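Visitor: Next one to model:
(one chain, ligands or ions: 1)
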Amino acid sequence: MKNVQILIVGQGPAGLSAAIYAGRAGMNTQLFGCDPKVAGDYTIDNYFGFPEPITGKELIERGAAQAERFGVAMRCERVLAIHAEEGGYRVKTEAGEADTCAVVLATGVSRVQPGIKNLSDYEGRGVSYCVSCDGFFNRGKKVFVVGEGVFAANQALELLTYTPHVTVCTQEKQMDISPVFMQQLEAADIAVMKKKIVSLEGDGGLEQIVFSDGSRENADGLFVAMGQAGAADFAASLGLVQNGQFIEADHRQQTNLPGVFAAGDCVGRFMQISVAVGEGAMAARSAIGYVKKQGG
Ligand SMILES: Cc1cc2nc3c(=O)[nH]c(=O)nc-3n(C[C@H](O)[C@H](O)[C@H](O)COP(=O)(O)OP(=O)(O)OC[C@H]3O[C@@H](n4cnc5c(N)ncnc54)[C@H](O)[C@@H]3O)c2cc1C
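Guide: Below is the predicted model:
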């Protein structure tokens, strides 16, 4: 028996809608996420039931209050990684871990790119977005993780399974991680550099990275982990079928992996609040059915 029945990643319209349906059905439901982009000051003029415009902030606050009324546990924590395990999934956040029977991905879309000129030329030839997928190919090699947050720190720590030669490069951003993560990096001898990588070099595969000050370093692998982990990152590590940066889900919001559902902008259909809310409801319905079938 898992400690959570349905775990939802994302606190936007899709995630909150899924949370309302799952909580109201009596499921032990946990939602992780904060600061949805829709929660800004911009007005929404086309959402059903609001003849006067409503701000995104108010709509999200109302949705969150409604989910809480149905007993959903909500925490403003970023999810760093999701791994399949016996009978479900283990979800790692910046503050801990949870075991769940089913997952609803409702992360929206926002992959932050690091601004490296010819990055795409080396994708699959040294550049990767997924340690669980490609860490193995870097056994004992010299690798860099590009990013400034807990996602990057966690990817760097996961790389230690394969190699001790790991450096985090923040692209001139301030490292934005908790003291606990900083201590873990220090204890593992993972250097953090604030320089900016501007381009990559190598015949056939990555051999060198070039910094904005003209200096260079040898590198065998470069893992991109800017901002927070998003749908594409979870999809890559779990082996979900993708359509570009979006996750493939059927009309029940079911992905190719049993127990993993996806809803809202991360599925990439009609990116609107009404669609996200509808898909969130459907994802919850499917997840509820799945959990009951599993006896979880
Ligand atoms: C400027 C602007 C104006 C818009 N105006 C309208 C409009 O008027 N009407 C309309 O219908 N739509 C509008 N949209 C589109 C609408 O905002 C989206 O379609 C909708 O928000 C999608 O909802 P979602 O829940 O799928 O994703 P999002 O709203 O993007 O929410 C995703 C959530 O997941 C969280 N998340 C992501 N990764 C993680 C992680 N690793 N761990 C924890 N949490 C994570 C994010 O922080 C966020 O809280 C607008 C969008 C923009 C940008």
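Visitor: contacting residues for the residue in the stretch 101-250 of the chain positioned nearest to the ligand?
Guide: Going by C-beta to the nearest ligand atom, the ligand is nearest to Gly108 of the stretch 101-250 of the chain, at 2.2 Å. In short, each C-beta sits where N, CA and C put it, glycine included. By C-beta atoms under 8 Å, 6 or more residues apart in numbering, the residues touching Gly108 are 10, 12, 14, 36-37, 230-231, 264-266.
Visitor: Apply 6 Å and report the result again.
Guide: 12, 265-266 (C-beta atoms under 6 Å, 6 or more residues apart in numbering).
Visitor: Helices along the stretch 51-200 of the chain, start to end?
Guide: Remark: helices assigned in the stretch 51-200 of the chain by DSSP state H, counting those that start in this stretch are 56-69, 131-134, 150-159, 179-187.
Visitor: what does the second one contact?
Guide: Here helix 131-134 makes contact (C-beta under 6 Å, 6+ apart) with 128, 155, 158-159, 223, 236-237.
Visitor: Please dump those residues into JSON lines; it should also carry distance to Gly296 for every row.
Guide: Below are the contacts of helix 131-134 laid out as JSON lines (distance: C-beta to C-beta, whole Å):
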{"residue": "Ser128", "distance to Gly296": "33"}
{"residue": "Gln155", "distance to Gly296": "29"}
{"residue": "Glu158", "distance to Gly296": "27"}
{"residue": "Leu159", "distance to Gly296": "32"}
{"residue": "Phe223", "distance to Gly296": "33"}
{"residue": "Ala236", "distance to Gly296": "25"}
{"residue": "Ser237", "distance to Gly296": "22"}
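Visitor: And the strands in the stretch 51-200 of the chain?
Guide: 54-55, 73-75, 79-85, 88-93, 97-105, 127-128, 143-146, 166-169, 191-193, 197-201 (DSSP state E, counting those that start in this stretch).
Visitor: elements contacting the fifth one?
Guide: Packed against strand 97-105 by the contact rule (3 or more C-beta pairs under 6 Å, 6 or more residues apart in numbering; DSSP states H and E) you find strand 4-9, strand 88-93, strand 260-262, helix 273-294.
Visitor: pLDDT averaged over that strand, what's the number?
Guide: The average pLDDT within strand 97-105 is 97.
Visitor: switch to numbering from 19
Guide: Got it, the first residue is 19 from now on, which makes the last one we talked about strand 115-123.
Visitor: Kindly state the domain boundaries assigned to this protein.
Guide: 22-128+248-312, 137-242 (automatic domain parsing).
Visitor: Ends of the last one, what's the gap?
Guide: If I follow you right, that is domain 137-242. Domain 137-242 has an end-to-end distance of 10 Å (criterion: C-alpha to C-alpha, to the nearest Å).
Visitor: Can you pull the residues of the stretch 69-218 of the chain lying near the ligand?
Guide: Proximity of the stretch 69-218 of the chain to the ligand, by C-beta under 6 Å from any ligand atom, involves residues 96-97, 124-126.
Visitor: By neighbour count, which of those residues wins?
Guide: Ala124 (34 neighbours; other C-beta atoms under 10 Å).
Visitor: Do I have it right that that residue meets Pro31?
Guide: No - judged on C-beta atoms under 6 Å, Ala124 makes no contact with Pro31 at a distance of 8.3 Å.
Visitor: CA atoms only for stretch 199-210 - export them in CSV, please.
Guide: Presented in CSV, the C-alpha positions along stretch 199-210 are these (Å, rounded to 0.1, in the frame of the first residue of the first chain):
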residue,chain,number,x,y,z
PHE,A,199,21.4,20.6,-1.3
MET,A,200,24.5,22.8,-1.2
GLN,A,201,26.0,20.7,1.5
GLN,A,202,25.3,17.5,-0.5
LEU,A,203,27.1,19.0,-3.5
GLU,A,204,30.1,20.1,-1.4
ALA,A,205,30.3,16.7,0.3
ALA,A,206,30.3,15.0,-3.1
ASP,A,207,33.0,17.4,-4.5
ILE,A,208,30.7,18.7,-7.2
ALA,A,209,32.1,22.1,-8.2
VAL,A,210,29.7,24.9,-9.0
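Visitor: residues making contact with that stretch?
Guide: So stretch 199-210 is contacted by 168, 171, 174-175, 178, 184-186, 193 (C-beta under 6 Å, 6+ apart).
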